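Q: For reference, the sequence and a predicted model appear below.
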Amino acid sequence: PEPALFASGFGSEFALGTWRLWRAMPGRPRVDAVIADLFLLNDGSVPWPAGARYCMAPGGNVTFPLNVGTICSLPLTDGQEDQCREVEEGGSLRMMLFLDLPPEVATGQVRGLFRMNFALCHGPGTPLFGVRLSGALHLD
């Protein structure tokens with residue numbers, strides 16, 4: 001997989017692991033989001049632009065709509081629009097990746113093992129950069 005990773009413009013990949021979600025049952029809270037709290041180092045040769053966020057990257061098998069969100073500064077206040085700052089070469093940044101799960105996943109109507117990849121981008125449809133992140137949802 002490394003040649004394909006390098007050909008896609010990534011220098012490395014980090015596995016987030018597998019989140020296992022059990023279907024909703026009486027007395028068990030419904031899970032409707034997954035959060036990964038990450039500290040990232042820009043070890044590249046160019047700065048990351050302000051406004052970077054996580055986007056879906058090619059290579060997964062997710063068959064349901066998945067809303068990917070990013071938070072860079074905490075705590076957020078009402079009405080504050082979160083925007084990641086520029087990260088110079090050698091700089092680091094704390095980012096939180098949020099996956100908002102649709103109701104059909106949260107209520108157990110969808111089951112299986114779903115792999116997904118993420119990367120930094122400047123917005124939907126823009127080039128991906130940084131480290132590619134991979135993870136999986138195991139829905140029982």
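A: In hand now; what should we look at?
Q: quick check, E104 in a helix?
A: Yes: using DSSP: H, G, I helix; E, B strand; the rest coil, the assignment for E104 is a helix.
Q: what's it in contact with, if anything?
A: 64, 110 (C-beta atoms under 8 Å, 6 or more residues apart in numbering). Bear in mind the C-beta positions are built from the backbone N, C-alpha and C, glycine included.
Q: confidence score at it?
A: Here, the pLDDT recorded for E104 equals 83.
Q: same question, Q80
A: For Q80, the predicted pLDDT is 52.
Q: Please apply the same query to F6.
A: 62.
Q: what are the bridge partners for L40, then?
A: L93 (DSSP bridges).
Q: Report the separation between it and V46.
A: Going from L40 to V46 by C-beta to C-beta, to the nearest Å gives 15 Å.
Q: When those two are compared, which one has more neighbours?
A: L40 (19 against 9; other C-beta atoms under 10 Å).
Q: Looks like that one contacts G91 (just checking).
A: No: with contact defined as C-beta atoms under 8 Å, L40 does not reach G91; the gap is 9.4 Å.
Q: give me the number of residues near the residue lying closest to S12 once chain neighbours are set aside?
A: Leaving out its chain neighbours, the residue that sits closest to S12 by C-beta to C-beta, 6 or more residues apart in numbering is V131, at 5.3 Å. Neighbour count for V131, taken as other C-beta under 10 Å: 19.
Q: now T70
A: 19.
Q: same question, L128
A: Neighbours of L128 (other C-beta under 10 Å): 19.
Q: In space, what's closest to it - neighbours in sequence excluded?
A: Nearest in space to L128, with sequence neighbours left out and distances taken as C-beta to C-beta, 6+ apart, is A119 at 3.9 Å.
Q: that's a strand at the one you found, yeah?
A: Yes: assessed with three-state DSSP, A119 lies in a strand.
Q: do you know how far it is from G69?
A: Counting by C-beta to C-beta, the gap from A119 to G69 is 15 Å.
Q: Low-confidence ranges, the chain, go.
A: 1-11, 21-31, 73-82 (pLDDT under 70).
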